[in-house]
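J.: sequence and computational prediction follow.
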Amino acid sequence: MRPKWNISLALFLYCLGGQVLAWQKCPFRGAINSDSSVFYFGEPINLNCTLDPGNENQLLSESKLFFMSSKLEEGQDDRTLYGRPLVDSPRLGIAIVDLVNQTASKDNKYMHYMCMYNQDLEEKDPCTVAHFFVEIDYKPLPPKSGSCVTYNWERIECYWDLSVEYRQLHGITDTSVDYSLTTEKWTSCPSLKVSGRNLTCVIQEGKNDVLFMGQYYFHLVVNNTKTLDSVSSEKKIMSTDIVKPAKVYSVSAMANKTSIHLKWSVEKINWPQLFRLRYTVTPVRDQNPDWQEVNTTETQAVLQDLKPFTEYTIWIAAIPLVRNQSRGFWSDIRSIVNKTKQDVPSDVPKLDPGFYACVDTNCTAVRIFWKKISDDSKNGIITKYRIISKFNKTQTPPQFIENPSATSHLVPVNNKYSTKILLNVATEVGFSTKSDSSLIVPPLGQGPPFPENIIVEAQQAKFINISWTSPSIHSGTKTYFITNYSVVWCIGDHTGCKGEIDSEIVRAEKGKEHYWTNLTLPDSFEMFAFGISVDAYMKKNGRFISSGIRWNQCAYAADAVPDEPVNINPVIEDPGVSNNSMLFTWTHYTCQKHGVGPVLNFTVEVCTVDNETKNCQEPPRVKVLNGSETSYRVKNLESGKNYKITVTAGFNGGSSPPAQYQFRSFSSLTIEEANKGTEGGVPLGVIIGTLVAVFAVAGFIFIAWRISGAVDLIKYTKAAEAHGSLALFKNT
């Protein structure tokens, strides 16, 4: 620590040299006096600045004198202190009283004071009259209670809190620790260290010597060598009661399926110790471990009833035993990790009654779906699945699926009989000893029917509503009754699952027709397939059967609207039917093609239009149709006018783009009604003549349209209206 003292001394000399230089420039010289050069934090510091004899006559006023002192906090400037004139002093000067609670830097061991004089009226160029350095520290305070530890019966370490962090430990404030076994002969602590507020004393015998184990007395003194203030503290310990053993070493571990056999070594074999083993499944991320504990006085132990194929974290610590009682401190922990061996799975995949779907209308094969077993139940590395089919007292050879990630499989069935399908899973050790999971596929036409009117509507991307109606069952069906509906979903599309199935049970209620449930998905609904099965209980044999899964063909967002308008088409009708009207039809929106839900309504608007601007010439006639309608007849057409029909579909989320069709109505050709015969018939010649006239006029108009170039009004010629009226159309 001596180099630090040399640095302080050099700094003092540097400042002293600066004082000499200042004296050469300053017209006055003087001195700073104090009753002491050593002060405590919090004590008043009294300082006087007096001018040397012969300088008083040159000084106009004591107000030209002031003090500057070291800053107290980092980032601040040096302090300016103004004093009062000296009273009853033969020499001119000022006096100040300063109070320092703590210096800015812990390395500062003194406060620097300078007496300054203002040489000009603007006080911009003060000069230094005198320097003074005050050593400052904390007053010795009683240390807080100390503590000791005997490490492995080899050395004693004692710790004290000195209450404050002394600044002058190597010049003014001195600390010492003496120890004794009898209080008659005292020995200085051979290894004493102060770091901040902490004082440490270490007692350790020679390499081949044995540390005395018994009663120790300690005497700690904190002394200020200049003020002679001091405090002391006494402590008595029994070294045998505070031993902290060295941690165990050479740990070996042998594992089987459900246990781990541990062995370890210790340095001090002759000293009795209690060993504590704490173990847990190795935590994942921020998981809170569930620790188990085993205690033993032997240097080996067996951890039992463990999970197969599971990694365990094991901590081993030791504590001394004194007269069969644990005393002292636990050793540092020795940590190891070991994994148990594989076993057969402790569970089988979940196979609910409705976890299948027929692949054709005759149900000659089904695709079954299952949920994998949990990680806790695997007990090893999954290698394969086994499927067995039984029908009419016949069992098929097992099918082995050598794909550990499989969650579905195609299984042939005999549709004339009930087919029972069994499923099991294996690790590298073998198949699960638990009974196979199973489901029953009933004979064709003898199981419950599918649910009806399945609708999958997404309220949000990950939140959907599924609704359906119960199936119609013949009143004479008495072999089973419906117990529930299995709502299933998985990564996939309308054809079925492409990933692991998930499900929710909705209980059936007597007399209830409409059902619904909400699902929260891990991802957007577009990535999933949805389906429902009807599950029933067989009264005769007490078994559960199912309709199998009916996959929903489409799911849509509740606020979805189509991107394109409907396609409007006029209908060519027989003469005499239209009666100054025109029938229009349009295609319907579907979920599969347009990704929308049911149409709430169709809004039809009809108006006459300007031939050039195509705008309505009057407020349009508006008609709102039911969402299931796909046609509309425009009535009361006036000859010689251009018309526009607009059709818009309404949805929960808004309206479709409007579809428009423009057409022109021409004047009627009056056809005289023929006299009816006695039987009320119409002469054949009249009918033929009328048709010839109609088609002749139509051909004439077509040729005229081609010649006149009226392409902007007419796309093609259609329609013979009632009594021979003609209309030309254009779809916009």
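T.: Everything's here; your move.
J.: distance check, Gln300 against Lys247.
T.: Relative to Lys247, Gln300 is positioned 16 Å away (Cβ to Cβ, to the nearest Å). Quick note: C-beta positions are derived from backbone N, CA and C, even for glycine.
J.: higher neighbour count, these two?
T.: The residue with more neighbours, out of Gln300 and Lys247, is Lys247; 19 against 11, by other Cβ atoms under 10 Å.
J.: quick check, that one in a helix?
T.: No: assessed with DSSP: H, G, I helix; E, B strand; the rest coil, Lys247 is coil; it does not lie in a helix.
J.: the bottom helix or strand of this structure by mean pLDDT?
T.: Of all regular secondary-structure elements in the chain, judged by mean pLDDT, DSSP states H and E, the least confident is strand 716-720 with a mean of 34.
J.: where does pLDDT dip in this structure?
T.: Judged by pLDDT under 70, the chain has its weakly predicted residues at 1-25, 55-61, 74-75, 103-108, 120-124, 207-208, 474-478, 574-578, 666-732.
J.: grab the longest strand from it for me.
T.: strand 480-493 (DSSP state E).
J.: what strands flank that one, and is each parallel or antiparallel?
T.: Paired with strand 480-493 in the same sheet, following DSSP bridges, are strand 496-497 (antiparallel), strand 502-507 (antiparallel), strand 528-538 (antiparallel).
J.: can you list these in JSON lines and add mean neighbour count and distance to Pro272?
T.: Shown next, in JSON lines, are the strands paired with strand 480-493 (neighbours: other Cβ atoms under 10 Å; distance: least, Cβ to Cβ, whole Å):
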{"stretch": "strand 496-497", "mean neighbour count": "21", "distance to Pro272": "64"}
{"stretch": "strand 502-507", "mean neighbour count": "15", "distance to Pro272": "58"}
{"stretch": "strand 528-538", "mean neighbour count": "24", "distance to Pro272": "65"}
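J.: distance to Cys127 for these - can I get that in a markdown table?
T.: Compiled in a markdown table, those are given as follows (distance: least, Cβ to Cβ, whole Å):
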| stretch | distance to Cys127 |
| --- | --- |
| strand 496-497 | 94 |
| strand 502-507 | 89 |
| strand 528-538 | 88 |
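J.: what separation is there between His261 and Glu452?
T.: From His261 across to Glu452, the span is 63 Å (Cβ to Cβ).
J.: ugh, typo on my part, it should be Ser188
T.: As it turns out, when the distance is counted by Cβ to Cβ, Ser188 lies 98 Å from Glu452.
J.: Val100 now?
T.: When distances are taken as Cβ to Cβ, Val100 and Glu452 turn out to be 91 Å apart.
J.: between these two, which one's more packed in?
T.: Neighbour totals were compared for Val100 and Glu452, and Val100 leads with 18 against 14 (other Cβ under 10 Å).
J.: all strands for the stretch 501-650 of the chain, in order.
T.: 502-507, 514-520, 528-538, 544-546, 550-551, 555-557, 568-570, 582-586, 601-608, 621-626, 631-634, 642-651 (DSSP state E, counting those that start in this stretch).
J.: neighbours of Pro562, how many?
T.: Neighbouring residues of Pro562 were enumerated by other Cβ under 10 Å; the total is 19.
J.: dihedrals phi and psi, it?
T.: Geometry field for Pro562 lists phi and psi as phi -70, psi 160, criterion degrees, to the nearest 10.
J.: for it, list the residues it contacts.
T.: The neighbourhood of Pro562, defined by Cβ atoms under 8 Å, 6 or more residues apart in numbering, consists of Tyr589, His594, Gly595, Val596, Ala649, Phe651, Ser656, Pro657.
J.: repeat that for 7 Å
T.: By Cβ atoms under 7 Å, 6 or more residues apart in numbering, the contact set of Pro562 is Tyr589, His594, Val596, Ser656.
J.: run through the residues that contact the nearest residue to the third one once chain neighbours are set aside.
T.: Put plainly, it is Val596. Sequence neighbours aside, Ala560 is the residue nearest to Val596 in space, at 4.8 Å (criterion: Cβ to Cβ, 6 or more residues apart in numbering). Ala560 makes contact with Gly595, Val596, Gly597, Gly653, according to Cβ under 7 Å, 6+ apart.
J.: Ala560 and Lys384, how far apart?
T.: In this structure, Ala560 and Lys384 are 43 Å apart, going by Cβ to Cβ.
J.: can I get the strands of the stretch 501-650 of the chain in CSV including distance to Val425?
T.: Supplementary listing: the strands of the stretch 501-650 of the chain in CSV, determined by distance: least, Cβ to Cβ, whole Å:
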stretch, distance to Val425
strand 502-507, 18
strand 514-520, 27
strand 528-538, 23
strand 544-546, 22
strand 550-551, 26
strand 555-557, 31
strand 568-570, 58
strand 582-586, 54
strand 601-608, 53
strand 621-626, 53
strand 631-634, 58
strand 642-651, 46
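J.: can you say which of those is nearest to Val129?
T.: With Cβ to Cβ as the criterion, Val129 lies closest to strand 514-520 of those, at 83.3 Å.
J.: buried residues of the closest one, list them for me.
T.: Judged by neighbour count (16 or more other Cβ atoms under 10 Å), strand 514-520 contains these buried residues: Tyr515, Leu519.
J.: next one: stretch 379-394
T.: Residues of stretch 379-394 classed as buried by neighbour count (16+ other Cβ under 10 Å): Asn379, Gly380, Ile382, Thr383, Lys384, Tyr385, Arg386, Ile387, Ile388, Ser389, Lys390, Phe391.
J.: neighbouring contacts of it?
T.: Outside of stretch 379-394, the residues within contact range by Cβ under 7 Å, 6+ apart are 308-309, 342-346, 395-396, 398-402, 404, 406, 409, 411, 413-414, 417-429, 431.
J.: list only buried entries from those residues.
T.: Buried subset of the contacts of stretch 379-394 (neighbour count, 16+ other Cβ under 10 Å): 308-309, 342-346, 396, 399, 406, 409, 411, 413-414, 417-427, 429, 431.
J.: give me the subset of those lying in strands.
T.: The strands, defined by DSSP E, take in Gln399, His409, Val411, Thr419, Lys420, Ile421, Leu422, Leu423, Asn424, Val425, Ala426, Thr427 from the buried ones among the contacts of stretch 379-394.
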